[in-house]
Structures are given as structure tokens and as C-alpha cells.
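Peer 1: for reference, the sequence and a predicted model appear below.
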Amino acid sequence: MSKVDIVEAPEDRLPKCPYCSKDLDQIWSKSEGLGLAGKERILMCPHCRAMLAYGAWRR
């Protein structure tokens, strides 16, 4: 089986939005819910506002 190494990205490299292809020098985050009952978070591109990730966790 082949091995894949995960290495730290160079500081001068930024990820690109998979939807608008612009460099992501920041990512917007929107959270909802109370910390005790659980929380939901959406990560968004600040350029095209596409949803990049969604996460929900409960306590």
C-alpha cells in the first residue's frame, strides 16, 4: 500500500475557493446555537459566499 505524507503548506500559498477560484486570504464563519446544547457552524467564501464546509456538534 502506498503512503501519503501530509506536510505543512508554505506560508506564501493560499487555498482557492472551489467555486469562484479566488484566493482565500480569509474564510467567513457563521455559528448558531448555544454552547451547552450544541452548535452549528458554516464556513463561507467571502468573495462568492459559497458554503465551503458545515459542521454540527453536540455536548
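Peer 2: Nice, I can see it.
Peer 1: contacts and neighbour counts: CA atoms only from here.
Peer 2: OK.
Peer 1: now Gly55, what's its secondary structure?
Peer 2: strand (DSSP: H, G, I helix; E, B strand; the rest coil).
Peer 1: give me the beta-bridge partners of the nearest residue to it once chain neighbours are set aside?
Peer 2: When the adjacent residues along the chain are set aside, Gly55 lies closest to Arg41, with 5.3 Å between them (C-alpha to C-alpha, 6 or more residues apart in numbering). Counting by DSSP bridges, Arg41 forms beta bridges with Ser31, Gly55.
Peer 1: mind listing what Arg41 touches?
Peer 2: For Arg41, the contacting residues are Ser29, Lys30, Ser31, Glu32, Tyr54, Gly55, Ala56, taking C-alpha atoms under 8 Å, 6 or more residues apart in numbering as the criterion.
Peer 1: how near is the closest residue to the fourth one other than its chain neighbours to Leu34?
Peer 2: For Glu32, the nearest residue in space outside its immediate sequence neighbours is Glu40; the separation is 5.3 Å by C-alpha to C-alpha, 6+ apart. When distances are taken as C-alpha to C-alpha, to the nearest Å, Glu40 and Leu34 turn out to be 9 Å apart.
Peer 1: likewise for Ala53?
Peer 2: According to C-alpha to C-alpha, Ala53 and Leu34 sit 20 Å apart.
Peer 1: same check on Gln26?
Peer 2: The separation that Gln26 has from Leu34, given C-alpha to C-alpha, amounts to 25 Å.
Peer 1: need the contact list for Gly33.
Peer 2: Counting by C-alpha under 8 Å, 6+ apart, Gly33 touches Lys39, Glu40.
Peer 1: what's the separation between it and Arg49?
Peer 2: Look at Gly33 and Arg49: by C-alpha to C-alpha, they are 21 Å apart.
Peer 1: pLDDT weak spots in this protein?
Peer 2: Low-confidence segments of the chain, defined by pLDDT under 70: 35-37, 58-59.
Peer 1: show me where it has its strands.
Peer 2: When secondary structure is read from DSSP state E, the chain shows strands at 28-32, 39-44, 51-57.
Peer 1: next, the angle from the longest one to strand 28-32.
Peer 2: Counting by axes from the mean of the first three to the mean of the last three C-alpha atoms, to 10 degrees, strand 51-57 points 30 degrees away from the direction of strand 28-32.
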